[in-house]
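S.K.: What follows is a predicted protein model with its sequence.
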Amino acid sequence: MGKCYISTAVEEGYITGYPGNLFKPLNNISRAEVVTILDRAIGELFNELGTYGPITGIRVIEGNVTVNTAEVTLKNLIIKGNLYLTEGIGEGTVTLDNVIVHGRTL
């Protein structure tokens, strides 16, 4: 089952192997490697209420977007990665106004 998770993480671009695309599963992972993986997976984080995106025009976000709080409005955005709407939203709302997600919305 672990291979399936690693395969998915590689496909999503969250992790890469060492030169030659090799993985060393018995090696310890460094703090820097963990930070890099988390940064790639989370992408741009919106964790304070408010409106994000330009008033006019379109902003393109190349990676993922994570929303982790309620009362957030995403406006005039193209998200090239995934949009993660997480548990921190609770019973609140997130508004998508003229938002295109090229990946998945989860």
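M.R.: Sure, I can see it. Numbers count the residues shown, from 1 in each chain.
S.K.: which SS class is the residue lying farthest from the centre of the chain?
M.R.: Distance from the C-alpha centroid of the chain peaks at L26, with 27.1 Å (Cα atoms, centre = their mean). At L26 the chain is in coil, as set by DSSP: H, G, I helix; E, B strand; the rest coil.
S.K.: And for stretch 73-84, what's in contact with it?
M.R.: Residues from elsewhere that reach stretch 73-84 (Cβ atoms under 8 Å, 6 or more residues apart in numbering): 12, 42-43, 46, 50-67, 94-106. C-betas here are computed from N, CA, C, even on glycine.
S.K.: Now, of these, which are buried?
M.R.: Among those, the ones that count as buried by 16 or more other Cβ atoms under 10 Å are 42-43, 46, 52-53, 61, 63-67, 94, 96, 99, 101, 103.
S.K.: Can you list which of the residues you listed are found in strands?
M.R.: Secondary structure from DSSP state E places 46, 52, 61, 65-67, 94, 96, 99, 101 of the buried ones among the contacts of stretch 73-84 in strands.
S.K.: Dump the residues you listed into JSON lines; add pLDDT and distance to K75 as well.
M.R.: JSON lines is the format used below for those (pLDDT from 0 to 100; distance: Cβ to Cβ, whole Å):
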{"residue": "F46", "pLDDT": "97", "distance to K75": "12"}
{"residue": "Y52", "pLDDT": "97", "distance to K75": "7"}
{"residue": "I61", "pLDDT": "97", "distance to K75": "12"}
{"residue": "V65", "pLDDT": "97", "distance to K75": "12"}
{"residue": "T66", "pLDDT": "97", "distance to K75": "17"}
{"residue": "V67", "pLDDT": "98", "distance to K75": "13"}
{"residue": "V94", "pLDDT": "97", "distance to K75": "11"}
{"residue": "L96", "pLDDT": "98", "distance to K75": "8"}
{"residue": "V99", "pLDDT": "98", "distance to K75": "7"}
{"residue": "V101", "pLDDT": "98", "distance to K75": "14"}
